[in-house]
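[1] I would like the atomic coordinates for the input below:
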Amino acid sequence: MPVICELKTSAKIDHLHLLTAIVNGVGEQLSLTEKTAFAIELAVDEAFTNICHHAYPTPTKGDVMLIIETTNDELHVNLLDWGLPFNRSALPQYDKTAPIDQRARGGMGVHLIEHLMDSAVWITGGDDSPNMLIMTKHLDYLSKGAQRTSTRRQLNALLSVSQVMATTTDPNKLLDVIIEEVQEVLDAERSTLYLLDEAQGELYSKILRDENLSEIRLKIGEGIAGQVALTGEIINIEKPEQDHRLNTIFTTQANLVLRNMLTVPMVNHQQKVIGVIQVMNKRGEPFTARDERLLSAMATQAAIGIENARLLSQEIAQQLLNQELDTAKTIQQSFLPNQLPQLNGWQVATYWSPMHEVAGDFYDFIRTPDGRLAIVVADVSGKGVPAALFMALSVTVLRFALELNLSPRELLHRANSTMLNNQQSGMFTTAFVGYLDEKTGQLTYASAGHLPPIHFHRQTSKCTRLSIHGVAMGVFANATFAESACQIEQGDILAFYTDGITETINADDEEFGEERLIGIIQSLADESADFIAQAVKSAVIQFAKHQGTFDDETLIIAKRLILYGEPKTNS
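    Numbering: from 1, shown residues only. As a prediction, the model looks like this:
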């Protein structure tokens, strides 16, 4: 019986690849079918692994010899070792003459080996002769014209896909390469890559290598591909015509006679099925367990490529959105006053902090035609981009109305009508408008449902609220607004704000509240307007701590200074 190859090596698991490479080489040299070659390889792997563990249980390892012989229709694989004849741990009191099959049953995998090979005989060696495992396998050869998938071809296919993954961000190109490599390396006639359409509950053919079909759509659970998408399990069918799960509609349309079929799921890192790869009609023999492993590996690469493409697309979209939001923030900040008003005998300070990149809060200082200073603070319903867009409309409307020399009440009435005529969003704006005569200290004001400003009276050290009737703008066409006036004396302070200040929440779900705001103003009444504004800002941030903000925050502090005596004039 001619010897094909012979190898002697240490019984170390690290050397298993040497035996695997030899068995693969023999399979290619003899043109064995995938199924036959894979069975021999798996049997040798199992036998060598258990010899390493059980023949040489001590750290010092002996040797194993592999001898492969062949006849015209049989392959004989012999494994020789000079170790223990059986599993020491299984039989504490062992006899050197005990039969080798006791070692096999102690961990040799006898049942698996006998299932893979046609026969397996264990021979116990003597003091100087080795133990022997002789395995025999009937040889099945590839049919004429068929190609065996070599390990090199498999690695080259995986390498090609990896190179495309590293050099392209185009998922269509990647998937096309994967299907091309799959069809070639598995020597299959047809191949299809399906992606999952979750919204429709369907699979659709993303890459379809069939000139007779334009697209395939399957419900989840329908057909073989639908079953794989539903269960996430591999389906390998040797005789498709006998399988009741097969959907014959598309095979009929494609004029395809199925001989065999392999279908594997594409699973992402969250272990969620996102698609299916299906190959049909392997030339020469059915698909093997080795094919299953290879196709599963390539399906994993496809899933990674798809997920990477999605993540990249999301990242690009997020970058574009961030750029747009930065631009929107710049535009929105241009709506706010670029400098604070300089009033004789007054100090003005502001604090404005959007919750997101853009805000629905705004404030403004505008000179009226009669020379007074219009102070506006407003809050648009909602947050983020929608609120910012409605804020732009509100600013435009209010500034236009101010040019008409209307009173605060009339201004809010005109702004409300204009908003109702120019938007269908259902959003609204609360606002407080006050006209300040900086010389006399008189403030004439009206409110559209906004929080009443706080008026600190220096003479009594107490605070009152500028409460007045009014509803939010953009809600009711027949809304009415009241108007009132108050006197701001020297040393008095006005605080205009939005609910982002007073409704800030701490870790105990407590609100910052109006009383805390009043307490800060009263305790710092002798300080500058800017000092008070910064103190409120710090107090709100400290109060929220790690909770962060839940709304846009706006604050205006206007303080009338105390003037000690009037400058003398020359007589």
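
[2] Over to Thr460: give its phi and psi.
    According to degrees, to the nearest 10, the main-chain angles of Thr460 amount to phi -110, psi -10.

[3] can you pull out the helices in the stretch 301-450 of the chain?
    All helices of the stretch 301-450 of the chain, identified by DSSP state H, counting those that start in this stretch, fall at 384-402, 408-421.

[4] Pick out the shakiest of those helices, pLDDT-wise.
    Of all the helices of the stretch 301-450 of the chain, the minimum mean pLDDT falls on helix 384-402 (a mean of 77).

[5] re earlier: include distance to Lys35 and mean neighbour count when you put the helices of the stretch 301-450 of the chain into JSON lines, please.
    To be clear about C-beta, it is placed using only N, CA and C from the backbone, and glycine gets the same treatment. Output for these, formatted as JSON lines (distance: least, C-beta to C-beta, whole Å; neighbours: other C-beta atoms under 10 Å):
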{"stretch": "helix 384-402", "distance to Lys35": "61", "mean neighbour count": "20"}
{"stretch": "helix 408-421", "distance to Lys35": "77", "mean neighbour count": "21"}
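
[6] could you dump the ones you listed to CSV with distance to Leu466?
    Listed next are those as CSV, based on distance: least, C-beta to C-beta, whole Å:
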stretch, distance to Leu466
helix 384-402, 18
helix 408-421, 11
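
[7] Among those, which comes closest to Ala374?
    helix 384-402 (5.7 Å; C-beta to C-beta).

[8] In stretch 473-489, which residues are buried?
    Residues 473-475, 479, 481, 483-484, 486, 488 are the ones in stretch 473-489 that count as buried (16 or more other C-beta atoms under 10 Å).

[9] quick one: which of these is nearest to Tyr194?
    Nearest member of these to Tyr194, counting by C-beta to C-beta, is Gly474, at 49.5 Å.

[10] Quick check: that closest one vs Asp326, distance?
    From Gly474 over to Asp326 the distance is 28 Å, taken as C-beta to C-beta, to the nearest Å.

[11] okay, stretch 542-562 in PDB with CA atoms only?
    Extracted as PDB, the C-alpha positions of stretch 542-562 are listed here (Å, rounded to 0.1, in the frame of the first residue of the first chain):
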ATOM      1  CA  GLN A 542     -25.000  74.900  41.200                       C
ATOM      2  CA  PHE A 543     -28.600  74.000  42.000                       C
ATOM      3  CA  ALA A 544     -29.000  71.700  39.000                       C
ATOM      4  CA  LYS A 545     -25.500  70.200  39.300                       C
ATOM      5  CA  HIS A 546     -25.300  67.000  37.300                       C
ATOM      6  CA  GLN A 547     -28.900  67.200  36.300                       C
ATOM      7  CA  GLY A 548     -28.200  69.800  33.600                       C
ATOM      8  CA  THR A 549     -30.700  72.100  32.100                       C
ATOM      9  CA  PHE A 550     -34.100  71.200  30.900                       C
ATOM     10  CA  ASP A 551     -35.000  74.400  29.100                       C
ATOM     11  CA  ASP A 552     -33.600  77.500  27.500                       C
ATOM     12  CA  GLU A 553     -32.600  80.100  30.100                       C
ATOM     13  CA  THR A 554     -32.900  83.900  29.700                       C
ATOM     14  CA  LEU A 555     -32.400  86.700  32.300                       C
ATOM     15  CA  ILE A 556     -32.300  90.500  32.000                       C
ATOM     16  CA  ILE A 557     -31.300  92.600  35.000                       C
ATOM     17  CA  ALA A 558     -32.000  96.400  34.700                       C
ATOM     18  CA  LYS A 559     -30.900  98.500  37.700                       C
ATOM     19  CA  ARG A 560     -31.500 102.200  38.100                       C
ATOM     20  CA  LEU A 561     -28.500 103.800  39.800                       C
ATOM     21  CA  ILE A 562     -28.600 106.100  42.800                       C
END
